[in-house]
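# got a sequence here, can you build the structure:
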Amino acid sequence: MPKLDRLALATKFVIALHDACRRNPTSWRRISAIGARTGIKGADLERVVADVVAAGLVEQRADDPSLIILTNNGWDFASR
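From the prediction side, this is the model:
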């Protein structure tokens, strides 16, 4: 996947997670649910999650890696 596409998908994913968490910002969300909101699936979804976690925008839950939450950096990024 080209780097620009990865950036666009990561941005789309973080924005969708932000929108899903507005009412309850401390609630963990399922990766699959955010993927369904964005239309990102399969290997692309796995890559996007790895990218946003590595960028420090999203935290993946240690005891259940299917759950994610925005970090403070993720909130700042999505709020711009």
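
# which residues of the chain score low on pLDDT?
The model of the chain has pLDDT under 70 over residues 1-4.

# quick one: the helices in this protein, in order.
Remark: helices assigned in the chain by DSSP state H are 3-21, 31-38, 42-54, 72-79.

# nearest to Ser66, out of those helices?
helix 31-38 (5.5 Å; C-beta to C-beta). All C-beta spots, glycine's among them, are computed from the backbone N, C-alpha and C.

# chain center to that closest one, what's the gap?
9 Å (C-alpha atoms, centre = their mean, to the nearest Å).

# now the angle from that helix to helix 42-54?
Interaxial angle, helix 31-38 versus helix 42-54 (axes from the mean of the first three to the mean of the last three C-alpha atoms, to 10 degrees): 110 degrees.

# how about helix 31-38 as PDB, C-alpha atoms only?
The C-alpha coordinates for helix 31-38 follow below in PDB (Å, rounded to 0.1, in the frame of the first residue of the first chain):
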ATOM      1  CA  ILE A  31     -11.400  -2.400  16.200                       C
ATOM      2  CA  SER A  32     -13.900  -4.300  14.000                       C
ATOM      3  CA  ALA A  33     -16.600  -1.700  14.700                       C
ATOM      4  CA  ILE A  34     -14.400   1.200  13.700                       C
ATOM      5  CA  GLY A  35     -13.300  -0.800  10.700                       C
ATOM      6  CA  ALA A  36     -17.000  -1.300   9.700                       C
ATOM      7  CA  ARG A  37     -17.600   2.500  10.100                       C
ATOM      8  CA  THR A  38     -14.800   3.300   7.800                       C
END
